[in-house]
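1. Coordinates for the following, if possible.
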Amino acid sequence: ILDKLKGKKIILYQGITSKERPLDKVIKAVGKLGDEYAFVLMSSEENVYSHLDVSNYYFIPFVKPPYHLEITSHAYIGVLSYTPTNNGYSKLNALFCAPNKIYEYASFGIPMIGNDIPGLTLPFEKSNIGVSFSSFEEEEILKAIEKVQNNYTELSANTRLFYKQTDTKKIINEIILGAESKLKK
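-> Numbers count the residues shown, from 1 in each chain. I've put the predicted structure just below:
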């Protein structure tokens, strides 16, 4: 698949597909950009968007971590998508999403786009590493992609800086020490 994508600007989503993570409008928006671009969905789930008539849409089935990062490293823009739904979990989960994908994209200097929720918009704006779109409408998504393109060098440099400034080992140690002290009480 990477050979097929050679020379294309890959807009990548990696993760689960569900009502909480809508992608159909993003795929259609990227479809409007033509063959210079490719929307790549990498997921352990089935290809739920195979019915979309979008010529530059590609599906990559589950790649065992950490080998999925080889595909991630080729991305031009990373996509994050979280919508609060009634799915048995708190809606807060989607609003304040887990940052692991933000860090995976940032480690390779990949700017991001995502919908306007606190868990995405706050780090995007604070560190200038991505662009939020206000709604899941193709035109809004295209505006976000265009803004990334127009500021790509700066956003890419900021994602690398964002990644380097996060001392993951220190954070994990603080969590462990905090948990241990609470267990002793």
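
2. As a check, name the ranges of all helices in this protein.
-> 24-31, 68-72, 92-95, 100-107, 118-127, 138-150, 152-164, 168-184 (DSSP state H).

3. To S43, which of these lies closest?
-> helix 68-72 (10.2 Å; CB to CB). (C-beta placed from N, C-alpha, C; glycine too.)

4. quick one: average confidence on that closest one?
-> The average pLDDT for helix 68-72 rounds to 94.

5. rewinding a little: can you list the helices of the chain in JSON lines and add distance to Y49?
-> Converted to JSON lines, the helices of the chain look like this (distance: least, CB to CB, whole Å):
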{"stretch": "helix 24-31", "distance to Y49": "6"}
{"stretch": "helix 68-72", "distance to Y49": "17"}
{"stretch": "helix 92-95", "distance to Y49": "19"}
{"stretch": "helix 100-107", "distance to Y49": "18"}
{"stretch": "helix 118-127", "distance to Y49": "21"}
{"stretch": "helix 138-150", "distance to Y49": "14"}
{"stretch": "helix 152-164", "distance to Y49": "26"}
{"stretch": "helix 168-184", "distance to Y49": "33"}
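
6. now for those helices, which one comes closest to K4?
-> That would be helix 68-72 among those, by CB to CB, at 12.3 Å.

7. which residues sit against the closest one?
-> 2, 12, 14, 40, 42, 60, 63, 78, 104-105, 107-108, 110 (CB atoms under 8 Å, 6 or more residues apart in numbering).

8. Buried ones among the residues you listed?
-> Buried members of those, scored by 16 or more other CB atoms under 10 Å, are L12, Q14, V40, M42, I60, V63, G78, E104, Y105, S107, F108, I110.
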